[in-house]
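[1] sharing a model prediction with you, sequence too.
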Number of protein chains: 2
Amino acid sequence: MPELSKKGHSMPASPIRKLVPYATTAKSKGIHVYHLNIGQPDIKTPEVVMKGLQSLDMKVIAYSPSDGNSSYKQGLVEYYKDNNIHISTEDILVTTGGSEALFFTMASCFNPGDELIVPEPFYANYNGFAKITGLEIVAVESSIENNYALPPMVDFENKITNKTKGILICNPANPTGYLYSKEEILTLSKIVKKHNLFLIVDEVYREFVYDDEQHFSCMELEGLDDNIIMIDSVSKRYSMCGARIGAIVTRNKELIQTALKFAQARLSPPTFGQIAGELALQTPPSYFDEVISDYIERRNTLVNGLNKIPGVLCPKPKGAFYCMVRLPIDDAEKFCQWILESFSHDNKTVMMAPGQGFYSPGTQIKNEVRIAYVLEKEDLEDAVRILEIALNEYPGKSL
Amino acid sequence: MPELSKKGHSMPASPIRKLVPYATTAKSKGIHVYHLNIGQPDIKTPEVVMKGLQSLDMKVIAYSPSDGNSSYKQGLVEYYKDNNIHISTEDILVTTGGSEALFFTMASCFNPGDELIVPEPFYANYNGFAKITGLEIVAVESSIENNYALPPMVDFENKITNKTKGILICNPANPTGYLYSKEEILTLSKIVKKHNLFLIVDEVYREFVYDDEQHFSCMELEGLDDNIIMIDSVSKRYSMCGARIGAIVTRNKELIQTALKFAQARLSPPTFGQIAGELALQTPPSYFDEVISDYIERRNTLVNGLNKIPGVLCPKPKGAFYCMVRLPIDDAEKFCQWILESFSHDNKTVMMAPGQGFYSPGTQIKNEVRIAYVLEKEDLEDAVRILEIALNEYPGKSL
């Protein structure tokens, strides 16, 4: 057969899905698996979406414009305005999920070999999209001891070379749940201005902010219109990951025009997803109040439970619904496989994502896992209990 | 501002959408524009899809597996079997439209600089996806005088270098409507085997075959399992372009595994689109009978009408719903703009796609346009009448 591509060979496999075969085997043995590995919330999609879709009366499911339906973009402008983000429809390109927004942004901004600085740990698929577009991710360490706060500016400065073209953060962050403060965003903006870099901020978890904290969007920064790009998505906001609707938001007109060329090549974002996205704009505030209070309760259950286990460290996240957890183990990859393959308690076990996939290829992290708190409180309590028993039984302890 | 990427600068703009501003202006002056430029059929989506969606009872619009819902893949296996294509679910990767299937295939098979031979004219976005993945499209001329039949094998052989890694055709073809015969596919397969190339066949118009001709799929070829890749999509088949559901179909397991890594990076194809695709598998044969007879009538109306205009040449297509048309003009780009900007008859005009966008950048074609016959017969008749008057009035005639 003909050789496949080098990119194909070197694309990272998903750290979240790698262990799926072991989970499948466990389930086939009748073991209940708590899925703490994925960001698929169990939260219901708002009723206004499901009802609206049921009463759709279309004759042809046609292409939408490549940059998205204008009625949806109009609605987004209002939504953003309510979030203190003042933009116009021309600043929005509707994409097939936040994933495509990331891909188009990277393809539009970076040449192969260009460097993008990202605090690590970071969302695993940044590695994949960097591989596709040929850019280099240069990691800056954010530390678990410091709750994954923004690393000191000197650490960024130390990484800047003549190839550096941007900085990427996720706020609030997957996988750490860290919420960057307004001061941190302002600090970042200074370095971006000084070195004329792109600042890409993945804000898909904007709504998921706890403990009366405020989210400060990169689009609220002033005087850096050409440098700032916000990545957005409806997936988590309205618990409709399958709609596959996201957006690039930037006041940089040339960037929007460039990304539009990539968008035209793939014709159009999904039509149903955009309709769902537009319907979701009618979601009542009470929906979010309920969701947020659920997540706060889940987070507290999980994080307090985890930190009671000897040798476990889990900083308390201020946003999103993930946390990075340090475990007293030799190798998280082995442990996450072992707990699915060779362990169960009361016929139950736990699936987690090994931490390594959330770091750049150059960083070796052996004792961290990512946990998503997307299950009911009672299930989380039980999952923590089972994890503690597993840690006691695991032969590769590092305590 | 920071510089945008070279790829972004050199991405071709869509030849179909470039003239949209002129059409918008014409419409704002009260001129009716017949849209012969785009492949958005006016045919209704099957009722079984729309009704099924209305009675959907989901609570969460969740991610699907990265390779697609297994129930949908199961259904596709049956659909393909009915089309004499015998494969299993492992041979299918569900994608976000045929567009993504093309992108993943190119990214999985080709390194930057690798060469892909394509008979021209070809689907315009092949240029865009080639640009994204960095491969070079090497065009082989298929001629309008020969009805765009497969060029002689010697023409392919002449283009093969040590960088050649594949051949891509569309069958039946956009933009020519040409239907490759079984013999032509067999001929192609020999050269593919001899030089160990990938053969990529875009078969998204499989159902649109006229005059009792038979479609012969590349998946019916024997003994070349690792070389052959079929691109598919539900967009045209069920007139649901906005669903954004396509597929890579290949018996090359390593290729599927590689494409899956790209698929995992973007998480999942659209959930609603897949549900629509699965529902569409229940479409009764009578739906296609009606659609096909509509298209035959439209094609005959259009092609016969066009060929009656002095100086116009339009080969009669055997499939899809496009044709390439040679016009007695100096410059199709100018003409297509002029007819929107400076012409109207009975307050009506016609929008067409200039032919150049359907050729490789190295080929200069001045006197061709692509026309899609996606309008009612009466509208097509009127559009042809108006085109004839426009050709008479156009100052850049070449007769």
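    Great, that's in hand.
[2] can we go C-alpha only for contacts and neighbour counts from here?
    Will do.
[3] quick one: low-confidence parts of chain A?
    A:399 (pLDDT under 70).
[4] now with 80, please.
    A:15-17, A:39-40, A:398-399 (pLDDT under 80).
[5] residue ranges of each domain in it, please.
    A:6-44+A:286-393, A:59-280 (automatic domain parsing).
[6] the first one near chain B anywhere?
    Yes. Remark: domain A:6-44+A:286-393 sits within contact range of chain B at A:6-9, A:11-14, A:40, A:42-44, by C-alpha under 8 Å from any C-alpha of the partner chain.
[7] and the helix ranked longest in chain A, C-alpha only, in PDB?
    Longest helix in chain A, counting residues (DSSP state H): helix A:285-308. C-alpha atoms of helix A:285-308 as PDB (Å, rounded to 0.1, in the frame of the first residue of the first chain):
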ATOM      1  CA  PRO A 285     -31.400  32.800  33.400                       C
ATOM      2  CA  SER A 286     -32.900  30.300  35.800                       C
ATOM      3  CA  TYR A 287     -31.500  27.500  33.700                       C
ATOM      4  CA  PHE A 288     -27.900  28.700  34.400                       C
ATOM      5  CA  ASP A 289     -28.600  29.400  38.100                       C
ATOM      6  CA  GLU A 290     -29.600  25.800  38.500                       C
ATOM      7  CA  VAL A 291     -26.700  24.400  36.500                       C
ATOM      8  CA  ILE A 292     -24.200  26.500  38.300                       C
ATOM      9  CA  SER A 293     -25.400  25.600  41.700                       C
ATOM     10  CA  ASP A 294     -25.300  21.900  40.600                       C
ATOM     11  CA  TYR A 295     -21.800  22.200  39.500                       C
ATOM     12  CA  ILE A 296     -20.700  24.000  42.700                       C
ATOM     13  CA  GLU A 297     -22.100  21.200  44.700                       C
ATOM     14  CA  ARG A 298     -20.500  18.600  42.500                       C
ATOM     15  CA  ARG A 299     -17.100  20.400  42.600                       C
ATOM     16  CA  ASN A 300     -17.200  20.700  46.400                       C
ATOM     17  CA  THR A 301     -18.200  17.000  46.700                       C
ATOM     18  CA  LEU A 302     -15.400  15.900  44.400                       C
ATOM     19  CA  VAL A 303     -12.600  18.200  45.500                       C
ATOM     20  CA  ASN A 304     -13.200  17.900  49.200                       C
ATOM     21  CA  GLY A 305     -13.500  14.100  48.900                       C
ATOM     22  CA  LEU A 306     -10.300  13.900  46.800                       C
ATOM     23  CA  ASN A 307      -8.300  16.100  49.200                       C
ATOM     24  CA  LYS A 308      -9.200  13.900  52.100                       C
END
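[8] using PDB, list the CA coordinates for the next helix or strand after it.
    Using DSSP states H and E, the helix or strand that follows helix A:285-308 in sequence is strand A:322-326. Extracted in PDB, the C-alpha atoms of strand A:322-326 (Å, rounded to 0.1, in the frame of the first residue of the first chain):
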ATOM      1  CA  TYR A 322     -12.700  19.800  35.400                       C
ATOM      2  CA  CYS A 323      -9.900  19.400  37.800                       C
ATOM      3  CA  MET A 324      -6.300  18.100  37.600                       C
ATOM      4  CA  VAL A 325      -5.500  15.800  40.400                       C
ATOM      5  CA  ARG A 326      -2.200  14.600  41.700                       C
END
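[9] counting by contacts, list what strand A:322-326 packs against.
    When contacts are defined as 3 or more C-alpha pairs under 8 Å, 6 or more residues apart in numbering or on different chains; DSSP states H and E, strand A:322-326 sits against strand A:368-372.
[10] quick one: contacts of the strand it packs on?
    For strand A:368-372, contacts defined as C-alpha atoms under 8 Å, 6 or more residues apart in numbering or on different chains pick out A:36-39, A:175-176, A:321-327, A:332, A:352-356.
[11] how far does it sit from its chain's centre?
    How far strand A:368-372 lies from its chain's middle: 13 Å, per C-alpha atoms, centre = their mean, to the nearest Å.
[12] which residue does the stretch 251-399 of chain A have closest to chain B?
    Of all residues in the stretch 251-399 of chain A, the one sitting closest to chain B is A:Thr271 (4.8 Å; C-alpha to the nearest C-alpha).
[13] find the nearest non-adjacent residue to that residue, please.
    B:Gly242 (4.8 Å; C-alpha to C-alpha, 6 or more residues apart in numbering or on different chains).
[14] and that neighbour, that one's in a strand?
    No. Counting by DSSP: H, G, I helix; E, B strand; the rest coil, one finds B:Gly242 to be helix, located in no strand.
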